[in-house]
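> coordinates only, sequence not included:
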């Protein structure tokens, strides 16, 4: 049986990951180093090396942390809604709210996905993963449930999931100062409602 990391170990790892997120936002992937992460985290590089094997390990754990944090945030809100339609609207609303309130996390996510490479030098965004993105799976399940309960019409749930996630993801790249997230959300909800009903 694998031993669970202690609370202090988990807290320290999270502190390092949060410093990595901040570093990615401030200086970008290309300039990041353990020394720069350590400076932001106010810890020694030796302490980082105690918790992570190298810079790539820190960045990979940061990527997993970012994806899990986003999924958990959205899933918790979706689970509070009853009907498939309410879950769908909550999914869109919460996803966009997350983009708006976690801008630094979005930057870090983009920096890693578009700059990190596998040991075979393949960019992360080109890696075909057998595991489906949990957010796509969650969205597809909502759409499928809505079709079973006859709340939604007949359509390809995979394609509609891609359209919705694409619209949500695109908002991540907008200049936040000149972008009205609330208006965007309302337009997207109106569009998606017409598509699924």
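Now that the structure is in, tell me what you want to look at. None of these values were measured; they are calculated from a predicted model.
> Tell me which residue lies nearest the centroid of this structure.
Taking CA atoms, centre = their mean, the centroid of the chain lies closest to residue 67, which sits 3.8 Å from it.
> Quick check: which helices or strands does the one helix or strand that residue maps to pack against?
Using DSSP states H and E, residue 67 sits in helix 55-79. Helices and strands touching helix 55-79, by 3 or more CB pairs under 8 Å, 6 or more residues apart in numbering; DSSP states H and E, are helix 7-27, helix 34-41, helix 84-101, helix 103-115, helix 134-148. In short, each C-beta sits where N, CA and C put it, glycine included.
> Any chance you could list what contacts that helix?
The contact list for helix 55-79 (CB atoms under 8 Å, 6 or more residues apart in numbering) reads 13-14, 16-17, 20-21, 24, 29, 32-34, 37, 48, 52, 87, 90-91, 93-95, 98, 102, 105, 108-109, 112-113, 116, 124, 134-135, 138, 142.
> can you rerun that using 6 Å?
17, 20, 34, 52, 87, 90-91, 94-95, 98, 105, 109, 112, 116, 134-135 (CB atoms under 6 Å, 6 or more residues apart in numbering).
> go on, stretch 157-170?
Against stretch 157-170 from outside (CB under 6 Å, 6+ apart): 95, 136, 139-140, 143-144, 188.
> Go again with 10 Å.
Outside stretch 157-170, the residues that touch it by CB atoms under 10 Å, 6 or more residues apart in numbering are 74, 88, 91-92, 94-96, 98-99, 106, 110, 132-133, 135-147, 152, 155-156, 184-185, 187-188, 191-192, 195-196.
> Quick check, pLDDT for residue 182.
Listed pLDDT for residue 182 reads 91.
> what helix or strand does it sit in?
Here residue 182 sits within helix 181-196, counting by DSSP H and E.
> got the buried residues for that helix?
Across helix 181-196, burial judged by 16 or more other CB atoms under 10 Å covers 184-185, 188, 192, 196.
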